[in-house]
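K.L.:
model this:
(chains A, B, C and D)
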Protein chains: 4
Amino acid sequence: MAVDLAAEPEVAKLAERTAQFVREVVIPIEEEHGGVVPSEEVRVQLQSAAREAGVFAPHVSPEYGGHGLDMRGRAVVFEEAGYSLLGPLALNIAAPDEGNMHMLEVIATEEQKRRYLAPLAAGEIRSCFAMTEPAPGAGSDPDALRTRATRVPGGWRIDGKKWFITGADGAAFAIVMARTAGEPGDRGGATMFLVDADNPGMHIGRHIPTLDESLYAGHLEVTFDNCVVGDEAVLGEVDQGYRYAQVRLGPARMTHCMRWLGIARRAQDIAVGWAAKRHVFGSRLADLGMAQQMIADNEIDIRASRALIMQACWELDQGQTAGTSVSVAKTFTSEAVFRVVDRALQLCGSLGVSGDVLLGRFLREVRPFRIYDGPSETHRWSIARRVVGRHVAATTGEKA
Amino acid sequence: MAVDLAAEPEVAKLAERTAQFVREVVIPIEEEHGGVVPSEEVRVQLQSAAREAGVFAPHVSPEYGGHGLDMRGRAVVFEEAGYSLLGPLALNIAAPDEGNMHMLEVIATEEQKRRYLAPLAAGEIRSCFAMTEPAPGAGSDPDALRTRATRVPGGWRIDGKKWFITGADGAAFAIVMARTAGEPGDRGGATMFLVDADNPGMHIGRHIPTLDESLYAGHLEVTFDNCVVGDEAVLGEVDQGYRYAQVRLGPARMTHCMRWLGIARRAQDIAVGWAAKRHVFGSRLADLGMAQQMIADNEIDIRASRALIMQACWELDQGQTAGTSVSVAKTFTSEAVFRVVDRALQLCGSLGVSGDVLLGRFLREVRPFRIYDGPSETHRWSIARRVVGRHVAATTGEKA
Amino acid sequence: MAVDLAAEPEVAKLAERTAQFVREVVIPIEEEHGGVVPSEEVRVQLQSAAREAGVFAPHVSPEYGGHGLDMRGRAVVFEEAGYSLLGPLALNIAAPDEGNMHMLEVIATEEQKRRYLAPLAAGEIRSCFAMTEPAPGAGSDPDALRTRATRVPGGWRIDGKKWFITGADGAAFAIVMARTAGEPGDRGGATMFLVDADNPGMHIGRHIPTLDESLYAGHLEVTFDNCVVGDEAVLGEVDQGYRYAQVRLGPARMTHCMRWLGIARRAQDIAVGWAAKRHVFGSRLADLGMAQQMIADNEIDIRASRALIMQACWELDQGQTAGTSVSVAKTFTSEAVFRVVDRALQLCGSLGVSGDVLLGRFLREVRPFRIYDGPSETHRWSIARRVVGRHVAATTGEKA
Amino acid sequence: MAVDLAAEPEVAKLAERTAQFVREVVIPIEEEHGGVVPSEEVRVQLQSAAREAGVFAPHVSPEYGGHGLDMRGRAVVFEEAGYSLLGPLALNIAAPDEGNMHMLEVIATEEQKRRYLAPLAAGEIRSCFAMTEPAPGAGSDPDALRTRATRVPGGWRIDGKKWFITGADGAAFAIVMARTAGEPGDRGGATMFLVDADNPGMHIGRHIPTLDESLYAGHLEVTFDNCVVGDEAVLGEVDQGYRYAQVRLGPARMTHCMRWLGIARRAQDIAVGWAAKRHVFGSRLADLGMAQQMIADNEIDIRASRALIMQACWELDQGQTAGTSVSVAKTFTSEAVFRVVDRALQLCGSLGVSGDVLLGRFLREVRPFRIYDGPSETHRWSIARRVVGRHVAATTGEKA
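P.N.:
Numbering: from 1, shown residues only, chains lettered A, B, ... in the order given. Just a heads-up that it's a prediction; the model follows:
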């Protein structure tokens, strides 16, 4: 059987339904609120509508109410959901919940799934993923992890400070990465814990003001101070946190890409719509060469991103770790969607700068994606190391 | 006498004083308010401090309380003022007032100067420049001008709609570009009028929400509806509006560049300061090659912008129209400062995205500058036409 | 059945065999001759070796001695052949013969196949494709076609001038595009003719000296002067030349991309090999950040090109015209392979500039590909027109 | 006295005379020979013509027959000379002789000047500068210097291998950098020697084939094997070679930039001339937006390069080392001229690829300039280190 790039019919149908739902239901609400979900009430309303439209939580298995999409299927559907800033939340596939569901489904015990995954997949609760720390802690360099979990009878005591914990405000639980062995700078020795938000040792701090504002509930500082949890709070195995985190991080990087690719397409559509009707210097804007160049470069960036995402997803679906493909797709897509939105804004001129279209909002939302989930520089470093390692291995017989 | 790139000693001293004033007085206020002037009270406070520091209104002639800086002198001083988003307002050299003062000083009658320039230079009132119109009116293409001034006994009646009129809210008067001859699409036939804000025919409309927010009093819609002014309201000569506007636009593009270059330098300093102390992957960030590349590219962009601005300013000071040099400097600088801020933000990672430093704010402020005052595409088109025209003239003897 | 990106096992095996053949047989000869086939003798020797290795003419159907690869299969195998500048000639898949075989197999009559395709597929003869004309004739703009074919009893008389006709020197026949209706500037009215090289009306002119030199037999000027051919020389139908040419041009653009992608990979391997052993400033070059950035960007460019090529090939294999996908893949790949070679050369420093490695040669070979087969600007124009056309059709119900 | 950007009248006149000489005398010979000086006879002919035109050796002092131009004056005149690939040789300001004359005039003893500088300035002999070594010797990293000079009675014995020694074939003498103290990797300990070409210990090896071919006499391997010289052969002071080399390297980088900027302007003129007359798709090429963008970007790159060169030259003329300004100007200009030539070639399409215009030749000549005289990466590293060092010094009071 040869290379095939057609989506399965059912996936294609779900994607079409998602596109229609986003267009008809989500975008009016998004435009009314300038791209930012204003309240829990609107979140609930959006998710109800998605459930009704049969597009809710498509990534979780049918057992948890979803369509059991593999990564390739998500690539097709999530892009459609991402066509609006509010689409992912409506479908319950927004960060960080979507990545947490993915990881719980793969790693969690049955009891953990019952307690955390089920209500999360149903949209009854929200969650967060507490890994990133302020400097000099774990950021681009996960080995710098400083939050520490110490053995106590029957469980662990977690102490440390996290920041940029998306969605922490109002989350029912956190998945917390803490050091159970070694010192900051050591590779390994991390463990993931499930911590209920009402644990008296977990403190939600300030909302960090950020350039982006559309991720629901924002980015927060979270402190763990004498935060004691039982053994049943360990997710996966002790000291294997980073190995397990890979289960989350690779796919989560790809689902980010899918969603932002949707926004890139939206930006392009807004700009093309404007260029097709605006006249300047005696010509239709869409007929001027420099405008055509921007439109074409947007199309190229969008299609190249999509192709690289699909390649990585296919590898992930084959059970590969897909490290290089994920880094390549994440780096290219995060930079490409920024270029696309930037060009779209330029094409629309003063209108693009104004709040009368959402392009300025999109620019603010996609810019941080070149930093979140690994800055482009870290991914490039990782790509180069693998490329060189493979070359050395191939030419010397040494192991890469 | 050969090429000399040293600033005059007095200009150098004024620049140094400005730098110190910005560092010690302005930046603390800027950081307190996130880069946006919160109230008229703060504006007055800043300007008083600038007056006290002997750096106020350096561009107007001593007759109006300034230092009479030529364009080259402004290049040196305004860059220092621009090191803070609030510096230009403090010195009373912010857009659009600064450009209006420049134009009034060159074009206005003595009576007009007494009435408009004197209080403007003193910071007692503010002003706006009402040229840009919503599509399909005058934007990148000034010939599309639709606002019309019709002859009435003893004066003119102005009717039309403007938008993106910076600082209109609270301005004491507007300089309005209106068509006195020809039809939209015709070159020429425009006239500038001085309209008092309390003219019953001038209506300040909505604040346009925009990506940028630091230009004082924002960008507004302004409508002229049966707005009658006397003959003394004509600025310059009837039907010569675009010729006179060149007096404003070339220099105003350069002063924009100077101010934003200051922000680029500030962004670079923030990033370098961070890179010099942050450690990651076992190294100081400033010692990692990819970080060094960004720092070096920022330095190159800053220096090239500065050199191009000075070239255009020198030509303007020689009395040349400097059309190509202005377009080259504006296009390069507007794109360079955006790249600089973007790289600085990238260097700072999550911190750069957060409101804990002003880089996200700077990104929002500089982005529109690639559109305001002529989008890069319009300037490139203009540059190419001149280059080709000169080539044809040189090789065929035809007039360019 | 979902998206699948794995090549068929037989294709994968053929690709592996091709890679080995190129590595062991072709590259030593390529390096000996600096990347340029020096003589017909070497061409014959290379093709014999390929036949022996079972990798010859993989794109033609088994009936003509090949493996009948579809476009997706070619994507995999041709990239391996392209790893050496001489690989494509060795496999008999070099331009322009490969594209001509493809077109003849689809369009030609049985008699034409017997007479032209069979010996061409066997490597017994060579051919050329005579479409491009010097300005103001058919170049980027095919409608400008000036070469004319006039009805004469029993056939046609062709008159006109072509240039950049690759491989014309020594070709046994030419496929000639000539105008049979309309005037230069008209869309349509073109017809393709099979013209034997010994036709007294076909004259091979000068070898055009070019930046690239590795395409066998070079680029030539060809003049048709009272060149009379019979009706059986018409390829496809009269006046349908451009419709038929699409059969050739889309796939030929993709096979160009595949081959040059091979060279990009080769350049990357040379650079990585050097970076892995060269020490500078106390570090291994491969461990310096700026070098890692170049290596990573090369990897990204290579993978994105490959993914876009495969997308277009898949569409072509589905029987789609794939116009946008072909233009996207051609534009991106031609620019990406240039960037890759350029960075590889930079990584190798003085060595890269020297003839001691082939990077300078590669740079010269890939540069023209941004112009040949449609300059990037023409493809961007075409992409933008389709994108805008589709948008207008979707929003207005008008036909795109 | 304020900033002044006008050249002195005499310099302006010399530049004009140079431009005329290049246009009328040099370019016809250049085009006849495809940009490469074919023989010593042509070199002599060109230099005689330059002498006659009063433009010969403008950089050396009147004592040696020149016009005593300072760096700013060179910037203006050398750009005009560089408008043809053969202009610099005609004026006797080509690399490496021009840089050697500059250094000799500053450093050499009177006897050394009489013996080496006088005939060199007169064009009677040629010279070379033997610093670069093959890996792992001195390349981007001068500290890696391996060629060694050992004390012998009355002088020194030099042993080592150099490569990429421009103009060595036929040079009357070499200025050789050799280690007189320390080990490879040490900073310092280098000394410069004047070695006559007929010294039996100096061996001219192979001509290194390179992408560029227009530097007269090419790039060679040179070996020193038991090469004994007297104490009078020391140029400057023992162990101070790198300090003295700065006298040569900064200015030599700038004169490279000036010359290549001339080629960039030439490329732009060729492309603009073509765009102004070529019609395609029903328009003049020069009226198509994507072409205009390339023309405008070329103009911007040319002007920014010129401005950065002048800034560095002014600093050098003030007696400053100008390290950052030189690195900024060299990095920007070397990349800008490559972009300009690349875009010019693209604008000309197939014609640009052909030898019918010299653009392909120019591309080959300017590409290595991003590597020669310090690769862009090394300069960026140096720029970043200075920027960070200055920042740390300013904020901590530590020495930069």
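K.L.:
Around chain D, pick out the residues from chain A.
P.N.:
A:288, A:289, A:290, A:291, A:292, A:293 (CB under 8 Å from any CB of the partner chain). (Each C-beta comes from the backbone N, C-alpha and C, glycine too.)
K.L.:
buried sites along the helix ranked longest in chain A?
P.N.:
If you go by DSSP state H, chain A has its longest helix at helix A:241-277. Neighbour-count burial for helix A:241-277 flags A:241-242, A:244-245, A:247-276 (criterion: 16 or more other CB atoms under 10 Å in any protein chain shown).
K.L.:
what's the answer for stretch A:276-296, then?
P.N.:
A:276, A:278, A:280, A:285-296.
K.L.:
One more: stretch A:204-213?
P.N.:
A:204, A:208, A:210, A:211, A:212, A:213.
K.L.:
swap in stretch A:147-165?
P.N.:
For stretch A:147-165, by 16+ other CB under 10 Å, it's A:147-149, A:155-165.
K.L.:
Is that stretch in proximity to chain B?
P.N.:
Yes. Contact of stretch A:147-165 with chain B (CB under 8 Å from any CB) involves A:163, A:164.
K.L.:
any idea how far that stretch is from the chain center?
P.N.:
25 Å (CA atoms, centre = their mean, to the nearest Å).
K.L.:
now swap in stretch A:73-89 and tell me
P.N.:
So, by CA atoms, centre = their mean, the centroid of stretch A:73-89 is 11 Å from its chain's centroid.
K.L.:
What is the end-to-end distance of it?
P.N.:
End-to-end distance of stretch A:73-89 (CA to CA, to the nearest Å): 18 Å.
K.L.:
Ok, stretch A:181-201 next?
P.N.:
Termini of stretch A:181-201 sit 21 Å apart (CA to CA).
K.L.:
avg pLDDT for that stretch?
P.N.:
What stretch A:181-201 shows for mean pLDDT is 94.
K.L.:
buried set for that stretch?
P.N.:
Taking 16+ other CB under 10 Å as the criterion, stretch A:181-201 shows A:184, A:189, A:190, A:191, A:192, A:193, A:194, A:195, A:197, A:199 as buried.
K.L.:
Briefly note if it comes near chain B.
P.N.:
Yes. Stretch A:181-201 comes into contact with chain B (CB under 8 Å from any CB), by way of residue A:185.
K.L.:
residue ranges for the strands of chain A, please.
P.N.:
Under the criterion DSSP state E, chain A contains strands at A:127-130, A:148-152, A:155-166, A:173-179, A:190-196, A:202-207, A:219-230, A:234-235, A:279-280, A:283-284.
K.L.:
how about those strands, which one is nearest residue C:19?
P.N.:
The closest of the strands of chain A to residue C:19 is strand A:190-196. By CB to CB, the value is 40.6 Å.
K.L.:
Please convert the residues of chain A next to chain D to CSV, extending it with pLDDT and distance to residue D:387.
P.N.:
Output for the residues of chain A next to chain D, formatted as CSV (pLDDT from 0 to 100; distance: CB to CB, whole Å):
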residue, pLDDT, distance to residue D:387
A:288, 97, 39
A:289, 98, 38
A:290, 98, 34
A:291, 98, 37
A:292, 98, 39
A:293, 98, 34
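K.L.:
Just the closest of these to chain C, please.
P.N.:
Set against chain C, the nearest of those by CB to the nearest CB is residue A:292 (3.6 Å).
K.L.:
give the contact list for the closest residue to that closest one other than its chain neighbours.
P.N.:
Spatially, and ignoring its direct neighbours in sequence, residue A:292 is nearest to residue C:384 (3.6 Å; CB to CB, 6 or more residues apart in numbering or on different chains). Contact analysis of residue C:384 by CB atoms under 8 Å, 6 or more residues apart in numbering or on different chains lists A:286, A:291, A:292, A:293, A:295, A:296, A:299.
K.L.:
what's the weakest-modelled helix or strand in chain A?
P.N.:
The weakest-scoring helix or strand in chain A, judged by mean pLDDT, DSSP states H and E, is strand A:279-280 (a mean of 92).
K.L.:
which residues are contacting it?
P.N.:
Contacts of strand A:279-280 (CB under 8 Å, 6+ apart): A:285, A:288, B:136, B:139, B:140, B:141, B:144.
K.L.:
which residues does the residue nearest to residue A:98 when sequence neighbours are not counted contact?
P.N.:
Leaving out its chain neighbours, the residue that sits closest to residue A:98 by CB to CB, 6+ apart is residue A:255, at 5.8 Å. Shown in contact with residue A:255 (CB under 8 Å, 6+ apart): A:59, A:74, A:78, A:93, A:95, A:98, A:99, A:102.
K.L.:
quick one: residue A:255 from chain B, how far?
P.N.:
20 Å (CB to the nearest CB, to the nearest Å).
K.L.:
Let's see the pLDDT reported for that residue.
P.N.:
For residue A:255, pLDDT reads 98.
K.L.:
now residue A:69
P.N.:
pLDDT, residue A:69: 97.
K.L.:
phi, psi of it?
P.N.:
The phi and psi torsions at residue A:69 (degrees, to the nearest 10) take the values phi -60, psi 140.
K.L.:
Can you add distance to residue B:369 and give the strands of chain A back as a markdown table?
P.N.:
Listed next are these as a markdown table, based on distance: least, CB to CB, whole Å:
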| stretch | distance to residue B:369 |
| --- | --- |
| strand A:127-130 | 37 |
| strand A:148-152 | 47 |
| strand A:155-166 | 29 |
| strand A:173-179 | 41 |
| strand A:190-196 | 44 |
| strand A:202-207 | 29 |
| strand A:219-230 | 28 |
| strand A:234-235 | 48 |
| strand A:279-280 | 20 |
| strand A:283-284 | 25 |
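K.L.:
Which one of those strands has the poorest average confidence?
P.N.:
Of all these, the minimum mean pLDDT falls on strand A:279-280 (a mean of 92).
K.L.:
and that one, how far out from the chain's middle?
P.N.:
So, by CA atoms, centre = their mean, the centroid of strand A:279-280 is 39 Å from its chain's centroid.
K.L.:
And stretch A:16-32, by the same measure?
P.N.:
Put simply, stretch A:16-32 sits 20 Å off its chain's centre (CA atoms, centre = their mean).
K.L.:
Do any residues in it lie close to chain B?
P.N.:
No. Judged by CB under 8 Å from any CB, stretch A:16-32 stays clear of chain B, getting no closer than 12.9 Å.
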